[in-house]
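Q: Just a sequence and a predicted model for now, questions to come.
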Amino acid sequence: MTPHLHVRIDDHILRLILARAEKKNAISNEMYAAMTEALVRAETDSDVRVVLFEAEGDTFCAGNDLAEFAAVAAGTSLRSRLCRGRRSALDTVRESRPRA
């Protein structure tokens, strides 16, 4: 997990709270990995009926942390693991089915 994403379950709602206000909640690879973990957990947790994205600060999200993504693209040793985490989070959201 990362200190930049708070994960809570309240009243059947999984709350994913972006907590990087000093960077306008720009999403890092570490945050993508943490979101993936939370979304995979939600998919198998019958107590979760809704996923809600929230953010601290005055900006919901500025998008990706471009400086970090540029470092990964330049060939840092963590590239494959981090990119896998980001892809998994997006795939999980796309493939999720609403529950009745």
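A: Great, that's in hand.

Q: mind showing which ranges of the chain have poor pLDDT?
A: Applying pLDDT under 70 to the chain flags residues 75-100.

Q: any idea which residue sits dead centre in this structure?
A: By Cα atoms, centre = their mean, the chain has its centre lying nearest to Met35, at 2.9 Å.

Q: any idea how far that residue lies from Met1?
A: 10 Å (Cβ to Cβ, to the nearest Å). Every C-beta, even on glycine, is put in place using the N, C-alpha and C of the backbone.

Q: what do you get for Lys24?
A: Using Cβ to Cβ, we find Lys24 at a distance of 21 Å from Met1.

Q: Span of stretch 6-21 from start to end?
A: End-to-end distance of stretch 6-21 (Cα to Cα, to the nearest Å): 13 Å.

Q: now stretch 10-28
A: End-to-end distance for stretch 10-28: 25 Å, by Cα to Cα.

Q: Now do the buried residues in that stretch.
A: 14-16, 18-20, 23-28 (16 or more other Cβ atoms under 10 Å).
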